[in-house]
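S.K.: Whatever this is, show me its structure:
(3 chains)
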Amino acid sequence: MSITRRQFLGMTGAAGAAGLVGSSVAQAQEHFTGWPDRYGVLTDLTLCIGCRKCEEACARVNDLPPPEPSPEDKSVFDEIRRTDAQSYTVVNRFPNPDPDKPPVYVKKQCMHCNEPACASACLVSAFSKTPEGAVTYNASVCIGCRYCLMACPFYIPAYEYDKALKPRVMKCTMCHDRVKEEGKLPGCVEVCPVQALTFGKRSDLIRLARERIIRNPDKYIDHIYGEHEVGGTSWMYITGVPFEQLGFNMDLGITPYPEFTRGFLSSVPLVLTLWPVFFTGVYLFSRRRNEIAKEEGDSSHEEEAKS
Amino acid sequence: MIHTLHDFMLFTKGQEYLIAVFFLIVFVVFFGILNKKKESTRK
Amino acid sequence: MTTITGENITFIEWLQDKLFLGMSFKEYFKKLITPFNIIATLILCVGIPIAFVRFTQGLAATTNLTDNNPWGMWIGVDVLCGVALAAGGFTLGSAVYLFGMKEYHPIVRPAVLTGFLGYFFVVIGLCFDLGRPWRLPYPMFVSYGTTSVMFLVGWHVALYLSCQFVEFCPALFEWLGWKKFRKFVVGLTIGATIFGVILSTLHQSALGGLYLLAAKKLHPLWYTPFLPVFFLVSAIIGGMTMVIFESSLTHRVFSHQISLDHKKFDKLTIGLGKAAAMTLMGYFCLKVIGVAHGDHWHLLGTPMGQWFLLEVLGFVLAPCFLLVWAVRQERAGWVRFAAIWTVIGLILNRVNVSMIAFNWNLPDRYVPKWTEFAVTITIITVGVLTFRWIVNRMPILWEHPDYEPEI
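M.R.: Residues are numbered from 1 along each chain as shown, chains lettered A, B, ... in the order given. All right, here's what the predicted structure looks like:
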């Protein structure tokens, strides 16, 4: 039986995902380090050939319009694209600093952060980080404030600005339903002809990535993008060309985005409890001052009357 | 919040403290100027 | 039914008295034809069809919003500036009702009305921007995103609008002649004011807090962990200077309604100017500490840095110094000028945070579409018309002879 590593990881992934349904975190922990068996995808940029089959497959499994222009048309690479309301994923081309080597193709989609900025930004909890690792969106509660688009450090979520009645936020779901309900691989991973994408448990993927880097130190840059960025992401990348030259933002830091508003949010109960005390105090103080002024005024009038 | 070594150095460097103390003095002077009565009103 | 003077009248007469200012419909309609009303009508003739297009064709038809720039002018100006400039209601309300600065009582009602209408029209503006505005009550009743700063903003603005309405009610009930209701709401004034201060503190700062998540998108000179404090302090300044501006306007336009003499009014203006000068100085110091906190001194030399300096020196420190001079020389006219300058500075700050310094490093720059300007101007116009409609009818600028003042 011949089984590739990709398929293997995929199968265990799907089975594991099914097993995870219904499990819950037993106790509130001091530090929640994420769902233990969450999944992710590792993109090996040294393997990608820019065929854009992933874009096609993504559109097909997610009922999106087929990618424009078609994968055969290479002019699409003349500009750097981002994800939009019609495409959950796009592949961009970057020149290789070594002119003898082929250009580098970078697939872009939701990173599925461990602690997503979009989820912390949403005022109706439309986003959730599922135990399986995907960050999913529920359009049935979305009010369309687009704070998620503002918050996302990777410029991923897109909005259906042209719809008047039921505009939605659009972004990759890591094929959450396909993986969880049908036990299949995400559309892009399944179709990739060169196995540049590997689906599996995030912890396994990190091990796999490190293994590749250690085995081929000349081929890979010693960095797994997404291992620590913004507190870690489910989708990760390894590359042969420095990430800076491939449109990756290297100054995002390792602080999970929800941390940025945490301090402010925790000041709210303090204000709610202290301000009434303080301002009622001020009010009583000023009222007392007025009473004293009035009494003094009255007594001085009396004195005047007496004299 | 201290997240990185850089933040830590920023914190210990204390330039903010110095500036804040400086502004404390500035504000006292500012307050004095703002509340000084105009000469001509005392006529 | 009775008139202000207590005569018994029919319903039609009552309606005429309340709605048409005691005139017949014909007289009233004739009086409406003024240059201001003609311009306002023209604005509405443009704005209302655009509103129709917005709600039938979607945001793409009426805005230049993109996936990279999801918030444009309607958030940056209508919401951020609107809320900050409507802070006069809570600033003056707490000064008069809580701090006991009774001499400001004559201008507290117009300030509260400005605040209430300001917030009301902010919500209207927000409805234009939201993708599904009919779901506005969702964060209150359907789904709770308690980790979101936006959740706070939503709740607080909704509650605060109610507070402001309670504070506005005495004038409304005096106009309608509902004495018992009036007495009841007057009893709520202190409570509403204190609750209003709490809510204002929280949502004014929360609007700044929203941008804490735009960590790498907002230029470092504007992005600091102190953003909530900056927004709160500058809103207090905006509230005070807006009260100076608004009261000087109403005193000119509605001079026949006002009993307060010019000298006393100038004194109030100068007093507010002094408070604004002090707060501006505090705000300036905070802005400098913000730069020090991030150690971003080296960025001041860049083009964005110069823009930052223009905002902080030209629109915070400079009007502050002018206010100091004007307060010391007791020149109310100059205080008013400096107040307008400060208001422009505040708008500049909100525009910087929401549009100019946001995504400053992206080639994809946002410039509002003309329809976005048109909607904003339409909303402001409707706000001014509503303000005038109420001031012409209710005891906002004058004290109703039948009632004791609230304090």
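
S.K.: who's in contact with the nearest residue to A:Asn138 once chain neighbours are set aside?
M.R.: Nearest residue to A:Asn138, sequence neighbours excluded (CB to CB, 6 or more residues apart in numbering or on different chains): A:Ala126, at 4.9 Å. From N, CA and C alone the C-beta is placed, and that goes for glycine too. Contacts of A:Ala126 were listed using CB atoms under 8 Å, 6 or more residues apart in numbering or on different chains, and they are A:137-139, A:141-142, A:148, A:169, C:143, C:145.

S.K.: Let's see that with 7 Å instead.
M.R.: Shown in contact with A:Ala126 (CB atoms under 7 Å, 6 or more residues apart in numbering or on different chains): A:137-138, A:141-142.

S.K.: so which of those is the most crowded?
M.R.: Counting neighbours by other CB atoms under 10 Å in any protein chain shown, A:Cys142 leads the contacts of A:Ala126 with 26 neighbours.

S.K.: Name all residues that make contact with that residue.
M.R.: Residues in contact with A:Cys142 (CB under 7 Å, 6+ apart) are A:124, A:126, A:168-169, C:132.

S.K.: Just flag the most distant two among those.
M.R.: The span of the contacts of A:Cys142, defined through CB to CB, is set by A:Val124 and A:Arg168 at 13.3 Å.

S.K.: ok, those two, which is more surrounded?
M.R.: When neighbours are counted by other CB under 10 Å, A:Val124 and A:Arg168 differ, and A:Val124 comes out ahead with 23 against 18.

S.K.: how about stretch C:309-322, does it get close to chain B?
M.R.: No - with CB under 7 Å from any CB of the partner chain as the criterion, chain B is not reached by stretch C:309-322; the gap is at least 8.8 Å.

S.K.: mean confidence score for that stretch?
M.R.: For stretch C:309-322, the mean pLDDT works out to 96.

S.K.: buried ones in that stretch?
M.R.: Within stretch C:309-322, the residues that qualify as buried are C:311-312, C:315-320, C:322, counting by 16 or more other CB atoms under 10 Å in any protein chain shown.

S.K.: And it, how far out from the chain middle?
M.R.: On the basis of CA atoms, centre = their mean, to the nearest Å, stretch C:309-322 is displaced by 21 Å from the centre of the chain it belongs to.

S.K.: on that earlier part again, I'd like to know which of the buried residues of stretch C:309-322 is nearest to C:Val353.
M.R.: For the buried residues of stretch C:309-322, with C:Val353 as the reference and CB to CB as the criterion, the closest is C:Glu311, at 10.0 Å.

S.K.: Contact partners for the closest one?
M.R.: C:Glu311 makes contact with C:345, C:348-349, C:352 under the criterion CB under 7 Å, 6+ apart.

S.K.: is the longest helix along chain A up against chain C anywhere?
M.R.: Longest among the helix segments of chain A by residue count, using DSSP state H, is helix A:258-306. Yes - part of helix A:258-306 sits close enough to chain C to count as contact by CB under 7 Å from any CB, namely A:258, A:260-261, A:264-265, A:268, A:271-272, A:275-276, A:279-280, A:282-283, A:286-287, A:289-290.

S.K.: Select from the contacts of C:Glu311 every entry located in helices.
M.R.: Those of those lying in helices (DSSP H): C:345, C:348-349.

S.K.: that older thread, are any of the residues of helix A:258-306 next to chain C buried, and if so which?
M.R.: Applying a neighbour-count criterion of 16+ other CB under 10 Å, the buried members of the residues of helix A:258-306 next to chain C are A:258, A:260-261, A:264-265, A:268, A:271, A:275, A:279, A:282-283, A:286.

S.K.: CSV for those, including distance to C:Ala158 and pLDDT?
M.R.: Below are those laid out as CSV (distance: CB to CB, whole Å; pLDDT from 0 to 100):
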residue, distance to C:Ala158, pLDDT
A:Pro258, 24, 92
A:Phe260, 25, 93
A:Thr261, 20, 93
A:Phe264, 19, 93
A:Leu265, 18, 92
A:Val268, 16, 91
A:Val271, 17, 92
A:Trp275, 18, 91
A:Phe279, 21, 91
A:Val282, 26, 91
A:Tyr283, 25, 90
A:Ser286, 29, 90
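
S.K.: which of these are close to chain B?
M.R.: Of these, not one also sits near chain B (CB under 7 Å from any CB).

S.K.: Which of those sits closest to chain B?
M.R.: A:Phe260 (8.8 Å; CB to the nearest CB).

S.K.: C:Ile48: which of the buried residues of stretch C:309-322 is nearest?
M.R.: Distances from C:Ile48 to the buried residues of stretch C:309-322, taken as CB to CB, are shortest for C:Phe315 (33.9 Å).

S.K.: Look at the residue of the stretch 1-150 of chain C found nearest chain A and give its secondary structure.
M.R.: Nearest to chain A, among the residues of the stretch 1-150 of chain C, is C:Gly131, at 2.0 Å (CB to the nearest CB). Per DSSP: H, G, I helix; E, B strand; the rest coil, the local secondary structure of C:Gly131 is coil.

S.K.: Show me what from the stretch 301-407 of chain C comes close to chain B.
M.R.: Residues of the stretch 301-407 of chain C lying close to chain B (CB under 7 Å from any CB) are C:324, C:327-330.

S.K.: Inside helices: which ones of those residues?
M.R.: C:324, C:327-328.

S.K.: C:Trp389 versus A:Lys166, what's the distance?
M.R.: Using CB to CB, to the nearest Å, we find A:Lys166 at a distance of 36 Å from C:Trp389.

S.K.: and what of A:Leu272?
M.R.: Distance, A:Leu272 to C:Trp389, using CB to CB: 36 Å.

S.K.: same deal with C:Thr91?
M.R.: Counting by CB to CB, the separation of C:Thr91 from C:Trp389 is 24 Å.

S.K.: Which one's more surrounded, those two?
M.R.: Neighbours were tallied for C:Thr91 and for C:Trp389 using other CB under 10 Å; the higher tally belongs to C:Thr91 (25 against 11).

S.K.: thinking again about what came up before, mind putting the contacts of A:Cys142 into a markdown table with secondary structure?
M.R.: Putting those into a markdown table (three-state DSSP) gives the following:
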| residue | secondary structure |
| --- | --- |
| A:Val124 | coil |
| A:Ala126 | coil |
| A:Arg168 | coil |
| A:Val169 | strand |
| C:Arg132 | coil |
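
S.K.: Name the nearest residue to the one residue sitting closest to the centre of chain C, sequence neighbours excluded.
M.R.: Computing the C-alpha centroid of chain C and ranking residues by CA atoms, centre = their mean puts C:Ala86 first, at 2.1 Å. Beyond its immediate neighbours in the sequence, the residue positioned closest to C:Ala86 (CB to CB, 6+ apart) is C:Gly118, lying 2.6 Å away.

S.K.: helices and strands around the helix or strand harbouring that neighbour, which ones?
M.R.: Applying DSSP states H and E as the criterion places C:Gly118 in helix C:105-129. Contact analysis of helix C:105-129 by 3 or more CB pairs under 7 Å, 6 or more residues apart in numbering or on different chains; DSSP states H and E lists helix C:82-85, helix C:88-93, helix C:149-176, helix C:227-253, helix C:370-391 as its packing neighbours.

S.K.: deepest of these, which one?
M.R.: Ranked by mean neighbour count under mean count of other CB atoms under 10 Å in any protein chain shown, the helices and strands packed on helix C:105-129 are led by helix C:88-93, which reaches a mean of 28.

S.K.: For A:Cys188, which non-adjacent residue is closest in space?
M.R.: A:Cys188 sits nearest to A:Cys54 (CB to CB, 6+ apart), 3.6 Å away.

S.K.: I'd say the one you found and A:Lys107 touch.
M.R.: Yes - in terms of CB atoms under 7 Å, A:Cys54 counts as a neighbour of A:Lys107; the distance is 6.0 Å.

S.K.: Between the two, tell me which one has more neighbours.
M.R.: Relative neighbour count places A:Cys54 above the other of A:Cys54 and A:Lys107, with 28 against 23, counting by other CB under 10 Å.

S.K.: SS state for that one?
M.R.: Remark: A:Cys54 carries the secondary structure label helix [criterion: three-state DSSP].

S.K.: For it, give me its contacts.
M.R.: A:89, A:91, A:107, A:188, A:191-192.

S.K.: Thanks again, I'm all set now.
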